[in-house]
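In: Everything below, folded, please.
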Amino acid sequence: MSIQRKAPPGMKKLVWRITLDAPNGKWVDPATIVRPRVDVPERHSNTWAMSSFELTYGLDATEFSDTVPAELMDELFKKPTDRE
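Out: Numbers count the residues shown, from 1 in each chain. Purely as a prediction, here's the structure:
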């Protein structure tokens, strides 16, 4: 069972933060926290690490309208026959 207490009116909500400036931690107002902007280099990789990185920081998806002709798909993925 979780007990949630609301702060009295007029009191700020504070969070405990550990930073380089305060390695032991300190109370800070979440509204004043400055989040650094992360510039992600444009890279194309099919590894799980890059996928995790993209899920964490976001990614740009590009959809192409090019399609593979049906004849080529049939040639590439034809069903196996008994004897050819």
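
In: Just confirm Trp16 is within a helix.
Out: No - if the criterion is DSSP: H, G, I helix; E, B strand; the rest coil, then Trp16 is strand and not within a helix.

In: Tell me who's in contact with it.
Out: Trp16 sits next to 25-27 when contact means Cβ atoms under 8 Å, 6 or more residues apart in numbering. Every C-beta, even on glycine, is put in place using the N, C-alpha and C of the backbone.

In: how much space between it and Pro30?
Out: Note on Trp16: its distance to Pro30, by Cβ to Cβ, to the nearest Å, is 11 Å.

In: go on, Phe53?
Out: Distance from Phe53 to Pro30, counting by Cβ to Cβ: 25 Å.

In: which of those two has more neighbours?
Out: Phe53 (15 against 10; other Cβ atoms under 10 Å).

In: got a pLDDT number for the more buried one?
Out: Model confidence at Phe53, given as pLDDT, is 73.

In: how about it, phi and psi?
Out: phi -60, psi -40 (degrees, to the nearest 10).

In: Looking at strand pairing, list the partners for Arg17.
Out: Lys26 (DSSP bridges).

In: Export stretch 9-17 to CSV, keeping only CA atoms.
Out: Output of stretch 9-17 as CSV, limited to C-alpha atoms (Å, rounded to 0.1, in the frame of the first residue of the first chain):
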residue,chain,number,x,y,z
PRO,A,9,-0.5,24.9,-0.2
GLY,A,10,2.3,27.3,-0.9
MET,A,11,5.1,24.7,-0.5
LYS,A,12,7.2,23.8,-3.4
LYS,A,13,7.6,20.2,-4.5
LEU,A,14,11.3,19.3,-4.2
VAL,A,15,13.2,16.3,-5.5
TRP,A,16,16.5,14.8,-4.3
ARG,A,17,19.2,15.1,-7.0
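
In: Tell me who's in contact with the nearest residue in space to Ile33 that is not next to it in sequence.
Out: Counting by Cβ to Cβ, 6 or more residues apart in numbering, Arg17 is the residue found nearest to Ile33 once chain neighbours are left out, at 7.3 Å. For Arg17, the contact set (Cβ under 8 Å, 6+ apart) comprises 25-28, 33.
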